[in-house]
Structures are given as structure tokens and as C-alpha cells.
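>>> My questions concern the predicted model and sequence given below.
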Amino acid sequence: MHQTPATRAKQSIAQRKHTNNEQILFAKEYIDQLKSNPKQAPNRAGLALALNLTTSNLLEATTYNPELQFYIDQVSTLQENYLIVNGLEGKTQPAITALLLKSKHGYIENPANLTQNNYMNISPDVLRLALEQMKKPATR
């Protein structure tokens, strides 16, 4: 049976085991844990587990606890920083790092500029003289 997001959110509210304040406390603890352990990769799934939710319920939880969005965003920012720092130091797998930075954090690759534009500023007098020379018959 397919349920609407509103119905799922209502069921999540009814089934959740933690109050809004407890969720915020657990979210803060998860963030503090990430900050104190630089080897731990930040991710929304970890935050959801800390709150005893699934990742889909985590986003729905922001409807009844809007303050959670701050912690979801903070985990995303910590993840971005983790990927950049560890990627530059060669501690993470480059393909996965690039994939996550592109798909989750909006990074794009800029291809090398392969075109060359040769623009010159030529004074009108020099241009006029050059055109006059081009029109004259060639002499040997």
C-alpha cells in the first residue's frame, strides 16, 4: 500500500522514541563525535542512526522538528570538508571523493580551455594603412 508523505510523517511521529529536545541532544552529540574524531566520515546515515531514524525519516523529521535541518546541514558541511581535506592528503579514494563532491556538494569539473583567442587592438590609422597596402598591386 502506497502512503503519502504526510501519512508517513504522521506514523513516524507516532512511532518515534525521542522527543524533539532529545533528538537535538543526540544530533549535537553526533556532531561533537565527528569533530573529535577526524577519521570518521560524516554522513546523513550516521546522523539518522544516532537519532534512531532511517535516512528517509530523517528528512521527514524536519517537518515536526525544524531545528534538525541545521544539524543535517552541518553534517553535510563537515562531510564536504572531510572529503576536501582527506582527498588532498590522499587519504580517501579519489573516484569516490570526486563523485561525492559532485553529486552531494555541487562541485563541477571545468575542462581546460582549449580555444585560443587572438585579439589585438589596432588603431584605426594602422588598420587603414594596412588595408591600403593590401589593395595595391604587388610589385616585384
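Structure received. Numbering: from 1, shown residues only.
>>> pLDDT below threshold where in the protein?
For the chain, the stretches with pLDDT under 70 are 1, 5-17, 112-114, 116-117, 138-140.
>>> now do 50
Within the chain, not a single segment meets pLDDT under 50.
>>> what residue lies at the spatial centre of it?
The structure's the chain has its C-alpha centroid closest to residue 105; by C-alpha atoms, centre = their mean the separation is 0.7 Å.
>>> For the closest residue in space to it that isn't next to it in sequence, list the residues it contacts.
Distances taken as C-beta to C-beta, 6 or more residues apart in numbering put residue 80 closest to residue 105, at 4.7 Å, once the chain neighbours are dropped. C-beta here means a position set from N, CA and C on the backbone, and glycine is covered the same way. Taking C-beta atoms under 8 Å, 6 or more residues apart in numbering, we find residue 80 in contact with 101, 104, 105.
>>> how about those residues in TSV, adding secondary structure?
Formatted as TSV, the contacts of residue 80 follow (DSSP: H, G, I helix; E, B strand; the rest coil):
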residue	secondary structure
101	helix
104	helix
105	helix
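>>> okay if I get those residues as TSV plus distance to residue 87?
Listed next are those as TSV, based on distance: C-beta to C-beta, whole Å:
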residue	distance to residue 87
101	8
104	13
105	12
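>>> Go through those and name the one nearest residue 137.
Looking at these and their distance to residue 137, the nearest is residue 101, at 63.4 Å (C-beta to C-beta).
>>> Now for the closest one: which residues touch it?
By C-beta under 8 Å, 6+ apart, the contact set of residue 101 is 80, 83, 84, 87, 107.
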